[in-house]
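Sequence and predicted structure below; questions after.
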Amino acid sequence: MRFVALLFSCCLLLIHTHNALAQQKLTFREPEPGPMVDFLTQVLEEAYHDLGVELEYRPLPRLRAEQLAAKGKIAGELGRLDGLEQQIPSLNRVPFKLYEFSVVLVANTKKCGLCTLPTIESLAHVSGMRAPEQVIEENNFTNPVFKQTQFDQVAKLLNSGRIDGALLGDFQLRNLQLQNTQDFVVYSMRSEAGYHYLHDKFKHLVEPLYGKLNAMRGSGRLAQLRQQHNLTLPEALKPTELPDQLMAVSALHPGLTNADGSGELWDKLNRAFANANIDINISASNWPRAHTLMRNERAQLMVGVRKEQFSEEFLYSETAIGTDDALYLFTTNEASGKGLPITSDDFTVCISEGDYQKELLPNNVTYYRANTPLDCFAMLDLGRVNGVIDYQDNLPDWTDKPYQQQRLSEPVPLYVAFNKTQLGHLLKLHFELTSDSLVNY
């Protein structure tokens, strides 16, 4: 009898051991391969291994996997955003931040220029990813959105030009194969963190798994795995930082660029960037100040310039934003106590625009540069120069005697200048794409 009892106990032990071993395998949706996913699965596999648990994966659509996880048909979700437990109460979040990522907008600059979200006419993202949906909702994006079941389908839409942009996780950028990378811009839209989730059936594993993950962090194993999987983004697809506001500068030109922000050129500039939904601060003073602000990259747009006005240190729009007025030489007979012919070697002229004005008179003329037209006319009235080159609109209102006027040039096109930076190229492209709206404005 004792032998029979012992044999029966051994059988029960074997049955219990078999059932226990059968419970040590957890099934999750098979994720799409990539450095971040490889990092995540290795971290969890090592942590679970220390608990005597093996992980296996099934190829499932993302939404189907979420439904199965909610019912306990699979063990849970490998990595999802914080708050999933509020939407699916049967899932339990392991309170350890496994990874951080950004939702990025990848957009075709040839289709949308600056490509801020309001300029995008169509978007795509992988269906079932909640982070892109939150970006769309937060920004009240109402244009067409194409949800694709596979990441490769989103990439194909981008490369074919059928959509303007796509919302992705930055960890997906390494797998994104773009045909012309230089035509795309990447913006970071939202920062997120990912957590591991287990169904109620496996709730007893939450605390021990949390302990193992903390131990891996404390030992430096997580840092080692991050380095091993090379989670840094490709240089060509690193997000571009877009300033909260832009600064546009110009010289004061009545009717075109007034100091109060009114004027034909300011109106056209605001119209060109209206759909980008970005603030533009406007400053009209004088060309030396405008030039300095651009060179120091404190300003991003210089409005109303001639293409020959400055050196090749800037990009210039292909489309003119407007035309200036005719330029005149203003003189007084009393200047320097006598009237001098322009051909005289002693003839002096004040200019406040650019070196191109020196080409309007003979080479014998001596030039003085001032910051503003009013400074030039003050020098003329004081007899310190013999003439001033400027526009009729810039005549001072203090003089009692009319100036003599000689027309030197006809009106010429005016352009917008941009810095030779990535942002400058984007602004130029955006201006050209929207320039059709300026023609009949």
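Looks like it arrived, so ask away.

need the next SSE after the helix or strand bottoming out on mean pLDDT in the chain, C-terminal direction.
Between all helices and strands in the chain, the lowest mean by mean pLDDT, DSSP states H and E belongs to helix 2-22, at a mean of 43. On the C-terminal side of helix 2-22, the closest following helix or strand by DSSP states H and E is strand 25-29.

Which of the residues in that following strand are classified as buried?
When neighbours are counted by 16 or more other C-beta atoms under 10 Å, the buried residues of strand 25-29 are found to be Leu26, Thr27, Phe28, Arg29. C-beta: built from backbone N, CA, C; applies to glycine.

Now do it: which elements does it pack against?
Where contact means 3 or more C-beta pairs under 8 Å, 6 or more residues apart in numbering; DSSP states H and E, strand 25-29 is packed against strand 54-58, helix 62-71, strand 76-81.

Could you list the paired strands of the first one along with their orientation?
Looking back up the chat, that one is strand 54-58. According to DSSP bridges, strand 54-58 forms sheet pairs with strand 25-29 (parallel).

what's next to the strand it pairs with, contact-wise?
The contact list for strand 25-29, computed with C-beta atoms under 8 Å, 6 or more residues apart in numbering, reads 48, 53-60, 62, 65, 69, 74-78, 202.

Give me the buried subset of those.
Neighbour-count burial (16+ other C-beta under 10 Å) applied to the contacts of strand 25-29 gives 48, 53, 55, 60, 62, 65, 69, 74-78, 202.

Take the residues you listed and write them to a markdown table, including pLDDT.
Written out in a markdown table, the entries for the buried ones among the contacts of strand 25-29 read as follows (pLDDT from 0 to 100):
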| residue | pLDDT |
| --- | --- |
| Tyr48 | 97 |
| Val53 | 97 |
| Leu55 | 97 |
| Leu60 | 93 |
| Arg62 | 86 |
| Ala65 | 94 |
| Ala69 | 97 |
| Ile74 | 97 |
| Ala75 | 97 |
| Gly76 | 97 |
| Glu77 | 97 |
| Leu78 | 95 |
| Phe202 | 97 |
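
So for the longest strand along the chain, mean pLDDT?
Looking across the chain with DSSP state E, the single longest strand is strand 91-108. Across strand 91-108, pLDDT averages out at 94.

Helices along the chain, start to end?
In the chain, the segments counted as helices under DSSP state H are 2-22, 35-50, 62-71, 84-87, 109-112, 130-138, 151-160, 206-218, 221-228, 264-272, 287-295, 373-381, 422-434.

just how off-centre is the third one within its chain?
The gap between where helix 62-71 is centred and where its chain is centred comes out at 35 Å by C-alpha atoms, centre = their mean, to the nearest Å.

can you state the direction angle for it and strand 76-81?
Note on geometry: by axes from the mean of the first three to the mean of the last three C-alpha atoms, to 10 degrees, helix 62-71 and strand 76-81 are set 120 degrees apart in direction.

now do the second one
Put simply, helix 35-50 runs at 130 degrees to strand 76-81, going by the same axes, to 10 degrees.

Which elements pack onto helix 35-50?
strand 54-58, strand 76-81, strand 91-108, helix 206-218, helix 221-228.

Buried deepest among those, which one?
Among the helices and strands packed on helix 35-50, strand 76-81 has the highest mean neighbour count (mean count of other C-beta atoms under 10 Å), at a mean of 23.

That one - which strands sit beside it in the sheet, and in what orientation?
Strand 76-81 has its sheet partners listed here by DSSP bridges as strand 184-199 (antiparallel).

so how far is the partner strand off the chain centroid?
If you compare the mean C-alpha spot of strand 184-199 with that of the full chain, they lie 17 Å apart, counting by C-alpha atoms, centre = their mean.

That strand: which residues count as buried?
Of the residues in strand 184-199, those buried by neighbour count under the rule 16+ other C-beta under 10 Å are 184-190, 192, 194-199.

Outline the domain layout of this protein.
Structural domains of the chain, as assigned by automatic domain parsing, span the residue ranges 18-99+195-228, 101-192, 245-324+413-438, 327-409.

List just the one of the ones you listed that sits closest to Glu235.
Of all those, it is domain 101-192 that lies closest to Glu235, at 10.1 Å by C-beta to C-beta.

Compute the first-to-last residue distance for that closest one.
5 Å (C-alpha to C-alpha, to the nearest Å).

Distance from the chain centre to that domain, please.
Centre-to-centre, domain 101-192 and its host chain are 12 Å apart (C-alpha atoms, centre = their mean).

State the distance from the closest residue to Leu213 other than its chain neighbours to Lys111.
Distances taken as C-beta to C-beta, 6 or more residues apart in numbering place Phe96 nearest to Leu213, at 4.4 Å, with adjacent residues excluded. Counting by C-beta to C-beta, to the nearest Å, the separation of Phe96 from Lys111 is 41 Å.

Same check on Asp375?
46 Å.

so how many other residues sit close to His229?
Taking other C-beta atoms under 10 Å as the criterion, the count of residues near His229 is 17.

Per-residue confidence at the closest residue in space to it that isn't next to it in sequence, what does it come out as?
Nearest non-adjacent residue to His229, counting by C-beta to C-beta, 6+ apart: Phe39, 4.2 Å away. Phe39 carries a pLDDT score of 94 in this model.

burial of Phe39, as a residue count?
Neighbours of Phe39 using other C-beta under 10 Å come to 21.

show me the contacts for it.
Contacts were defined as C-beta under 8 Å, 6+ apart; by that measure Phe39 touches Tyr99, Leu225, Arg226, Gln228, His229, Leu231.

With respect to pLDDT, which of the residues you listed ranks lowest?
Leu231 (80).

Can you report how many residues neighbour that residue?
Applying other C-beta under 10 Å, I find that Leu231 has 18 neighbouring residues.

For the residue lying closest to it once chain neighbours are set aside, give me its contacts.
Counting by C-beta to C-beta, 6+ apart, Leu231 lies nearest to Pro35, which is 5.6 Å off, once chain neighbours are set aside. Pro35 makes contacts with Phe171, Arg174, His229, Asn230, Leu231, as judged by C-beta under 8 Å, 6+ apart.

biggest separation within these, which pair?
When the contacts of Pro35 are compared pair by pair using C-beta to C-beta, the two farthest from each other are Phe171 and Asn230, 11.5 Å apart.

ok, those two, which is more surrounded?
More neighbours surround Phe171 than the other of Phe171 and Asn230, with 21 against 10 (other C-beta under 10 Å).

Right, I'll leave it there.
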